[in-house]
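# model this:
(2 chains)
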Amino acid sequence: MKNFLDIVFLIPLLPLVGFVIIGLGRKYLTKGLIGILGCGSVLVSFLISIWVFTEVRNGNNYVANYFDFINVGNLAIPFAFQIDQLSSLFLLIITGVGFLIHVYSTSYMHGEEDEHFGRYFSYLNLFVFSMLVLVMGANYVIMFIGWEGVGLCSYLLIGYWFKNTEYNKAANKAFIMNRIGDLAFLIAIFWIISRVGNVNFQDVFTHAQAGKFSTTDLSAITILLFIGATGKSAQIPLYTWLPDAMAGPTPVSALIHAATMVTAGIYMIARSNILYSLSPVTMNIVAVIGLATALLAATIALKQNDIKKVLAYSTVSQLGYMFLALGCGAYVAAIFHVMTHAFFKALLFLGSGSVIHAMGGEQDIRKMGGLSKHMKVTHATFLIGCFAIAGIPGFSGFFSKDAIKDAIFASAFAASPIFYVLAIGASLLTAFYMFRLYATTFRGRFRGTHEQEHHLHESPSSMTVPLIILAILSVIGGYVDVPEFIAPGVQFLEDFLAPVFSSSRAVLKTNEVSHQTEWMLTGLSALLTIATVIYAWWRYSRKPDMEDAKGFGKLLQHKWYVDELYEKIIVRPLNALGSFLSEVFEKTIVDGMVNGVGRLVNYGSRQLRLLQSGQVGSYVLLMVVGMLLFFVFQFFLRK
Amino acid sequence: MPINYYIFLSIALFCIGIVGVLTRRNAIIIFMCIELMLNAVNLLLVAFSKMHYLRGVAEGNPSAGTEGQLFVFFIMVVAAAEVSVGLAIIIMMYRNIHSVDVNFLNRLKH
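Sure, this is the predicted structure:
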């Protein structure tokens, strides 16, 4: 068989072909054909990704150069793909979860007209293509192409129901907030070019390892890249777009706004790990922002009543957790959490989609309740997802969160005990709001209308099968990297990813933590989690939050009024500036200048016209005077 | 003869020409004054040409100073053309307004 690296370009190419065919033929293709094309292209990519993954496991690393993307002067940017441990793992997550969500979408979106159904799948395929380019790119520019591509697809899919103005506003918000981050990313790329001369990952990292970056350069580049990541991965201060992005169809929320796109920032930082490891200032910033986001979003999620909003804030919170891990130098733990989070968050979103589908579009959990009797598969898989995200021992979330918490404890961070306590707090909040959500939705008695109750049904198999697969992954996904103190020698993921992070490992210092301490800490946090789960389950199955919250709860329900704050300090002043410019500056100064020039010419020509008397004598006189002036100037005044 | 004499003569002729153009109203006289100015310049050119020629011969360059004479020929040709056009204009002017007084010719501004 030929070398596997000869066909890696097919992985992103197939979804692109799917996008073109479905996009152009959406008016002529039937839904069945669109579904087969959309899912099939991603499935083939997934199969190739598995092959690539096995090859990479055998130790094959590779940079595939295709052509010169930019070649100007001394700057050469190749269009190249990097196939290594990190990217092959992401390829599996993207195409695997992507495929399941494509399959799920075929029945979730079945009510749409043919044309819009095709539009949906073409966007989805374009998204998969962009995301694959993002993780496969072998330099920052190719990564940036994918980075922008996923932003575009996110915008298109949030605004998929474009007749709804609110949804369009949400799409605009997502796009604009992402642009702020993208600008920082772009500046970081320029900075790198000015210092290194090109943007290939290998060259940049070698440059950094050799210590050729000054501290200022390194801090500036990493902070700018991190600002880019805060936009894409919804961190403080740019996180507010993600909850609004729930305007898109639910499978989109699962794929783009939970499992893949929002982890792009984590991928980017993990990819640039050596830059971050060499810049302790940025590491601290990343950790603090990550922890703050994790806590802030978790508190907001406590009081939300929209099933998707709760999951959205939970996503923001989990992303904050991943950034906290990155900031503590626990790159493997962050990637591990990306992976398990992709499984269980996709599962939870698809489960909520199944619920919304059964409820006929209702998203308010106060009108649900007691759904466990009607939707057995959805209920069971959703419960598994909740266990996984809460970190119940044995489920995948437990292992990845534990890896992060251990890393925080062991990191050489001055404040790590405080961080550790706050991180446990965030994870307990997660357990609490997830079981509040679960109990309110599936336990107790039904609180919707009679008609809705009659309509309740389990979703078709094309929706439940992906749920079941994701549920299985949410359970077993954690066993790829069991903590060393529990079972030495089962750190598959850590061993697998070790080459990517080897240079960082040499730089970062960690404290040794004894196995007894780890057992104790893990046991303590597991017990606290279980206690929280039981309390939330018990409390909300009996009496869900039906009224609007008061006091502090009201603050949480209104999301700490962050949107209102942004409205006041950024949007309003900008609008005021805009209307000032258009009403006052434009009308008086710009128009005044234009009209003034016209008036000056009119006035001046009226005066100058008097010189043209028609008298030949006066013309000659003027001519002679002019000539005399010329002579005087030429012979006496000129130096 | 020193070159200064020629220069003074030329300046005198030129100034007479200018003053004539500025002060007289009769188109024919203005015309003659213009010719006077042109010839003042011609005179100067020829004088300098001669001067350069004498200096060039002394230095072993017999073709020095020819440019001045060439310019004179040019000016003569142009002046001849100008005379023919100018006189034609004056004749047309006389036919139209029965006068050669330029102050009557202020309709140029319309």
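
# report the central residue of chain B.
The centroid of chain B falls nearest to B:Leu38 when counting by C-alpha atoms, centre = their mean (1.0 Å).

# how about that residue, phi and psi?
With angles defined as degrees, to the nearest 10, B:Leu38 sits at phi -60, psi -40.

# contacts only, for it.
B:Ile75, B:Ala79 (C-beta atoms under 8 Å, 6 or more residues apart in numbering or on different chains). No exception for glycine: its C-beta is placed from N, CA and C like everyone else's.

# what separates it from B:Phe74, distance-wise?
From B:Leu38 across to B:Phe74, the span is 11 Å (C-beta to C-beta, to the nearest Å).

# low-confidence regions, chain B specifically.
Along chain B, segments meeting pLDDT under 70 span B:107-110.

# report the contact partners of A:Arg195.
Residues in contact with A:Arg195 (C-beta under 8 Å, 6+ apart) are A:His207, A:Phe213, A:Asp217, A:Ile221.

# report pLDDT for the third one.
Going back to what we said before, that points to A:Asp217. If you check A:Asp217, the pLDDT there is 91.

# counting contacts, what elements does the strand or helix carrying it pack onto?
Per DSSP states H and E: A:Asp217 is located in helix A:215-232. Judged by 3 or more C-beta pairs under 8 Å, 6 or more residues apart in numbering or on different chains; DSSP states H and E, helix A:215-232 is in contact with helix A:140-158, helix A:165-196, helix A:264-271, helix A:273-277, helix A:280-301.

# mean confidence (pLDDT) on the last one, please.
Meaning helix A:280-301. Rounded mean pLDDT across helix A:280-301 is 92.

# try stretch A:95-108
92.

# ok, and what's touching that stretch?
The contact list for stretch A:95-108, computed with C-beta under 8 Å, 6+ apart, reads A:11, A:31, A:35, A:38-39, A:42-43, A:45-46, A:49, A:120-121, A:124, A:128, A:131-132, A:249-251, A:254-255, A:259-260, A:342-343, A:346, A:350, A:353, A:357, A:459-460, A:462-463, A:465-467, A:469-470.

# in PyMOL, how would I select the buried members of those residues?
To isolate the buried ones among the contacts of stretch A:95-108 in PyMOL, judged by 16 or more other C-beta atoms under 10 Å in any protein chain shown, type:
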select buried, chain A and resi 11+31+35+38+39+42+43+45+46+49+120+121+124+128+131+132+249+250+251+254+255+259+260+342+343+346+350+353+357+459+462+463+466+467+469+470
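
# can you flag which of the contacts of stretch A:95-108 belong to helices?
A:11, A:31, A:35, A:38-39, A:42-43, A:45-46, A:49, A:120-121, A:124, A:128, A:131-132, A:250-251, A:254, A:342-343, A:346, A:350, A:353, A:357, A:462-463, A:465-467, A:469-470 (DSSP state H).

# got the contact list for the closest residue to A:Asp203 other than its chain neighbours?
Distance criterion C-beta to C-beta, 6 or more residues apart in numbering or on different chains; nearest residue to A:Asp203, sequence neighbours excluded, is A:Val196 at 6.1 Å. The contact partners of A:Val196, taken as C-beta under 8 Å, 6+ apart, are A:Asp203, A:Val204, A:His207.

# buried only: go through the residues you listed for me.
A:Val204, A:His207.

# what's around the single nearest residue of the stretch 151-300 of chain A relative to chain B, how many residues?
Closest approach of the stretch 151-300 of chain A to chain B (C-beta to the nearest C-beta) occurs at A:Ser194, with a separation of 59.8 Å. Counted with other C-beta atoms under 10 Å in any protein chain shown, the neighbours of A:Ser194 add up to 9.

# of the contacts of A:Val196, closest to A:Val590?
Ranked by distance to A:Val590 (C-beta to C-beta), the contacts of A:Val196 are led by A:Val204 at 44.6 Å.

# quick one: which helix or strand includes that closest one?
According to DSSP H and E, A:Val204 maps onto helix A:201-209.

# mind listing residues that contact that helix?
Here helix A:201-209 makes contact (C-beta under 8 Å, 6+ apart) with A:63, A:82, A:138-140, A:192, A:195-198, A:213, A:218, A:271-272, A:274-275, A:278, A:503.
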